[in-house]
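> predicted structure and sequence below. I'll ask about it afterward.
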Amino acid sequence: MKLNYFRLVLLFVLSTFFSLAIFSCKKDTTSALPLIEETFKDFTANSGMATHIKVTGTDWMVDYVKLEDQQINLLDSSGQALRLNGQDTAYAANGWLHMAKSTDGTALFLRLKENFEQTPRTVLIGLNSKGQKDEIKIIQHRGSSYRIIDRKFTELEEFRKKYTSDHECTPLQLMNNSSEMKSLPTEDVFKNVKHNSTFESNEYGAFDWLGSEQDSMLFMQELIVDGGSRWSPPVKYQNGTTQTFYLDENQSRTYLDVAPYRKTQLSGKMTYVERVCEYTFTIQNEESGHRFEVSGIWKQTLPLIPNIIIESNTPIVSTNVANNTN
């Protein structure tokens with residue numbers, strides 16, 4: 001009787017042990033499942049992207065975001081290490097990366113802006129689910145080419161100015177030492193006058209999408225003055241101010257008749273128009289079709305109406321005449 005009792009006890013103990021072992025194995029197998037699909041453990045893109053990545057763990061968080069070549073945590077918009085733990089959206093300091101957790105906690109929403117550098121950008125995103133860790137690896141290459149597919153302009157009318165100034169105008173003397181009337185060019189009065197075009201933007205990649213060999217001349221909003229179009233050529237799109245000489249943009253030449261043995265002293269004034277415009281370009285990655293927008297401010301100071309002023313018109317006194325006078 002006792003022998004049977006001990007057999008039953010032993011059988012119960014062994015049964016319990018094997019049940020726990022099997023349960024433990026199942027638990028270990030479940031916990032060993034990767035948090036993300038293999039696709040995102042080494043993912044390559046040739047453009048910006050917006051995607052959601054399924055996460056199998058529970059109560060997971062983003063522990064870190066790093067660039068592989070730097071191996072230091074990226075900072076968020078508040079200057080802290082970039083992490084995600086909750087429903088808030090996290091932003092990289094300069095805005096090129098956004099990430100958020102789905103409301104049900106089953107996916108990571110990820111948005112990466114274009115990589116405009118020639119060197120690939122490798123982003124490492126570390127996930128942690130109750131001690132189980134996994135890593136997303138995304139390699140971003142620059143697109144082969146980009147182009148503007150839409151542009152919008154809004155002039156800020158309160159900044160429109162029209163004024164006249166002698167700034168950059170150069171005094172000029174015309175001399176006729178001959179016995180005949182001469183028609184002499186006067187445009188050198190305006191040889192130093194310049195057209196200024198200034199682009200400003202703090203947005204990520206606002207000027208970096210243009211390739212080194214890409215045409216950077218863009219048509220902006222034409223200038224309408226008193227109901228008529230006064231300017232419409234392209235300008236160079238680059239960060240900061242580009243200056244173009246007035247005479248290079250205006251090929252017409254002006255002349256003044258100078259009588260024999262006379263000298264004419266000239267000065268000048270130029271009428272300018274200043275304006276400020278907000279612009280938004282929609283740009284497409286030609287390789288992937290991915291589209292994005294960049295916005296900024298464009299300022300223009302345009303020389304518009306030249307005005308020649310005759311300061312004096314006097315006879316030329318030759319050396320012989322001067323000596324005889326003395």
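That came through fine.

> which elements pack onto the strand or helix carrying Asp134?
In this assignment (DSSP states H and E), Asp134 forms part of strand 132-140. Contact partners of strand 132-140 among helices and strands, from 3 or more Cβ pairs under 8 Å, 6 or more residues apart in numbering; DSSP states H and E: strand 43-45, strand 107-112, strand 121-129. Any C-beta I mention is one placed from the backbone N, CA and C, and that applies to glycine too.

> tell me the strands beside it, with direction?
If you go by DSSP bridges, strand 132-140 pairs up with strand 43-45 (parallel), strand 121-129 (antiparallel).

> closest one to Glu311 among those?
Glu311 lies closest, by Cβ to Cβ, to one member of those: strand 121-129, at 61.9 Å.

> who touches the closest one?
Here strand 121-129 makes contact (Cβ atoms under 8 Å, 6 or more residues apart in numbering) with 35-36, 55, 57-69, 97, 99, 108, 110, 112, 115, 133-140.

> what's the answer for stretch 147-166, then?
Here stretch 147-166 makes contact (Cβ under 8 Å, 6+ apart) with 218, 220-221, 225, 267-284, 286, 291, 298, 304, 307.

> run the last query once more with 6 Å
Here stretch 147-166 makes contact (Cβ atoms under 6 Å, 6 or more residues apart in numbering) with 221, 269, 271-284.

> ends of it, what's the gap?
End-to-end distance for stretch 147-166: 40 Å, by Cα to Cα, to the nearest Å.

> let me know the average pLDDT across that stretch.
For stretch 147-166, mean pLDDT rounds to 97.

> centre of the chain to that stretch, how far?
Relative to the chain's own centre, stretch 147-166 is displaced by 19 Å; criterion: Cα atoms, centre = their mean, to the nearest Å.

> wait, what's in contact with Thr280?
Thr280 neighbours (Cβ under 6 Å, 6+ apart): Lys152, Glu293, Ser295.

> once you drop chain neighbours, what's closest to the residue most central in space within the chain?
Centroid-nearest residue in the chain, with Cα atoms, centre = their mean: Ala206, separated by 0.7 Å. Excluding its sequence neighbours, the residue lying closest to Ala206 (Cβ to Cβ, 6 or more residues apart in numbering) is Val294, at 4.5 Å.
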